[in-house]
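Student: Fold the following.
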Amino acid sequence: MIKNHIKIAWRNLWKSKSYSIINIVGLSIGMTAVLIIGIWVQNQLQFDNFYTDKEDIYKVWNKNLNEVGKISLQEYTSGQATPALITDYPEVERSARMYWSTSRLLSFDDKKIKSKGNEVDPAFIQMFDFKLLKGNSSKALADTRNIILTASLAKSIFGDIDPLDKTILLDNKEPYKVSAVLQDLPGNTNFDFNYLIPLVKAEEYSPNWNTIAFATYVQLKKGTNVNDFNNKLTDIIKRKTNSQLGGSLFLYPIAKMHLYSKFEQGIPVGGKIDQVKLVAGIGLLILLIACINFINLSTARSQKRAKEVAIRKVAGAQRFNLIMQFLTESLLLSMISGVLAIVLAIFALPLFNTIFDKPLTFSLSDPKIGFFLIGFILLTGLLAGLYPAFVLSAFKPIKSLKKVNSFKKIPLNFRELLVILQFGIAIILMIATIVVRQQIEYAGQRDVGYNSSQLIEIGMEGDLGKNYEAIKSELINNGVAAAVTRSGASLTGNAGSAWGGFSWEGATPEQAKKMGFNLERTEGDLVKTVGLKLIAGRDIDYARMAADSTAVLLNEAAIKEMNLENPVGTYIKWGSKTYTIVGIINDYISGSPYNPVTPLFIYATKKSLFNLIIRTSPVSSIQDQLKQIEQTLKKFNPAYPFEYQFVDQKFAGKFKEQQQTAKLAFIFSGLAIFISCLGLFGLASYIAELKTKEIGIRKVLGASVSGITAMLSKDFIKLVVISIILAAPLAWWSMNKWLQDFSYRIEIQWWFFALAGAAALLIAFVTVSSQAIRAASHNPVKTLRDE
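Tutor: Purely as a prediction, here's the structure:
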């Protein structure tokens, strides 16, 4: 019986080639989208979720309550946190700190490679059990001069030589012995390093509790209740600083960090998981649109199958057998589409990898993937074929054998509803694409606060520090640079942050405890080089004025929050050191371009200045300037390769996640409208086929091609108009909710809906009218000839 069902199903598909192709193309595209999205979703759900003790590993967060009752969180802590947690809390099995990732030069013989890595406490490698290919995890970072390399970095440096116990130079001067080789990090982890070295300068990086500089991790002992433990941490900072600082610490599961890192008032309310749910939902909606095509075309062609059903029933066929026959057809169609979808997914995956920025792969040899694909294909076939199978098998033999000329045997309302649903989904995705792109453009046009063009940043490496003054003089004297300075961090970030421990004239004790700043460091010429605007006072000039060792610049946001009226010349105390406010600068964006600018504290120092900033002269081309800058740096720092970044390009990188969303919305809205129009094309061609004689009679009676085209198109256009009306409020609600995540955001405009609606109408009209014009152009002599 099954063999017979398959034979008949194949004959029916072959007999109706055009409709089979429409269904196969639509289903295969929908299934391809679901496959690719499914691979990405599975990757996201496994982020940092593969460690042996993942249930007991947490990241330590800072929590602060400001004077208006708003809770602010930071996922970085003071370096003092780890020793305190290990010493004072017996529930802690291990704790480890990780300092900011830095790119440094690694040398072995004549081989020199720049790569990024981290300084970590030795317990880090034991907590996060990344696979060691060589070496012992308990001893890998036991010595302060040990280094762990990833397999790819070890291969790049040593080739086929065994790297264990080999000595390499870090920054061309510090010898480190290779103690272990780590398997390359998987794609689904938020850690991003190629080497690890022991953390030995923790006190220098973070000398007190209000200097935040580390990612801190804790592994609790088995059976420890994390909520009870967090309650014990509410007063840890207060106790350790004799009530000089406010704030507290709390632990958050490492396995939740990737997906659930968005907080409101200290409570997790989502994060990346919202994007995962959104993308997964879009994929399922596209598959639904493809299934609707199959349902619509199957039920629309019901008249042609009515006699077949009637004859089968008269011959003794049971309804169950008919249902199985029609389900076999849908399953066969789904299997063909599924095979095609797998092929399409393999070819399309590299394109999506560029969007997701992750090396996503899937292997057909994996039994889990094989079972999933089989189940997915069967489920799609059942979803697409179940309704048509029950509808077609319900025909009454007597009515079916009388005459089959009434097109309204199947309720049109349901089919119209499905078309409305199809186009409604497509229109919502089109509106979403417009909103996301407008939001990115809006934030991109926001005033950064300085002129980012012609600004270059270079890491202060090797001998650049000791030769800084000579490099600066040569670049300016040669006309290559208009100004040069150095800072603690990139302009698109900051050199850390500090909360509490500040005091100034007029500040209340509670205000001083809760005041927080982003930090930046400079020795001078920062305002001139960056192109900042001085609101009051002057720039720091510690390079030429020793008295500026305690000078500080504040931004407008800081002055506003501190309630200072004439701040220049006044004092601000941070810990045990007193600073003089020498200038007020305009607010500039160093964090997210979608968020308000926060208070900034720029202090004078000649230490820990890791970032060289050059404003190139406008008199020559940037290519010539880069060549001259490279020559100068090579002269004073020959061991290091010349690497630079344009500040405007680094700032543009802040829009990466939203640009991913925009690209995905554009692709999926395009697929949705294409599949919807594919179904509309099939329906229009079938209705035109049913009305062939009617069209012929109308032409004989004088009807024009345009009139017949309008007659055949109007019902479909009406459905698209209804789709626009229903989709618009849903799109407004969903995109307005999405925009709430951004403090700096657009207002949704009426023309977003008008543009999406007009595009949908135009595409639908072209699709339907092409078939209508074709039908209306037929010679009535041929169409009216009796069979």
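Student: Quick check: pLDDT value at the residue nearest to Ile282 when sequence neighbours are not counted.
Tutor: With sequence-adjacent residues excluded and distances taken as CB to CB, 6 or more residues apart in numbering, Ile282 is closest to Phe668, at 5.0 Å. For the C-beta atoms, the positions are set from N, CA and C on the backbone; glycine is no exception. Listed pLDDT for Phe668 reads 85.
Student: give me the number of residues near Phe668?
Tutor: Neighbour count for Phe668, taken as other CB atoms under 10 Å: 23.
Student: how near is it to Asp541?
Tutor: Distance, Phe668 to Asp541, using CB to CB, to the nearest Å: 55 Å.
Student: what's the longest helix along the chain packed up against?
Tutor: In the chain, assigned by DSSP state H, the helix with the most residues is helix 319-356. When contacts are defined as 3 or more CB pairs under 8 Å, 6 or more residues apart in numbering; DSSP states H and E, helix 319-356 sits against helix 2-15, helix 17-45, helix 272-300, helix 302-314, helix 367-392, helix 656-690.
Student: Buried by neighbour count: which residues of the following helix or strand past the last one qualify?
Tutor: What it means is helix 656-690. Downstream of helix 656-690, the first helix or strand assigned by DSSP states H and E is helix 692-700. For helix 692-700, the neighbour count (16 or more other CB atoms under 10 Å) marks 695-696, 698-699 as buried.
Student: from those residues, which two are the most distant?
Tutor: Using CB to CB, these span at most 7.3 Å, a distance reached by Gly696 and Arg698.
Student: Test of understanding: give the bridge partners of Ile57.
Tutor: Beta-bridge partners for Ile57, by DSSP bridges, are Gln219.
Student: whoops, Val92 was the one
Tutor: Val92 has the following beta-bridge partners by DSSP bridges: Leu220.
Student: Against Leu251, how distant is it?
Tutor: Taken as CB to CB, the span from Val92 to Leu251 is 10 Å.
Student: which residues are in contact with both of those two?
Tutor: Both Val92 and Leu251 are in contact with 218, 220, where contact means CB atoms under 8 Å, 6 or more residues apart in numbering.
Student: Neighbour count: those two, which is higher?
Tutor: Leu251 (22 against 19).
Student: residues making contact with whichever strand or helix holds the more buried one?
Tutor: Per DSSP H and E: Leu251 is located in strand 248-253. Contact partners of strand 248-253, identified using CB under 8 Å, 6+ apart, comprise 54-55, 57-63, 77, 81, 218, 220, 226, 229-230, 233-238, 266, 268.
Student: thinking again about what came up before, now the weakest link among the helices and strands packed on helix 319-356, please, by mean pLDDT.
Tutor: Among the helices and strands packed on helix 319-356, helix 302-314 scores lowest, with a mean of 62.
Student: And stretch 698-709, what's buried?
Tutor: Residues 698-699, 703, 708-709 are the ones in stretch 698-709 that count as buried (16+ other CB under 10 Å).
Student: Please read the previous query as pertaining to stretch 31-49.
Tutor: Applying 16+ other CB under 10 Å to stretch 31-49 flags 31-41, 43-44, 47-49 as buried.
Student: do the same with stretch 632-649
Tutor: Buried-residue list, stretch 632-649, by 16+ other CB under 10 Å: 632-633, 637, 640, 646-647.
Student: Contacts only, for the residue nearest to Asn136 when sequence neighbours are not counted.
Tutor: Leaving aside its sequence neighbours, Asn136 sits nearest to Ala180 (CB to CB, 6+ apart; 7.1 Å). By CB under 8 Å, 6+ apart, the residues touching Ala180 are 125, 132, 134-137, 140, 146, 148-149, 164.
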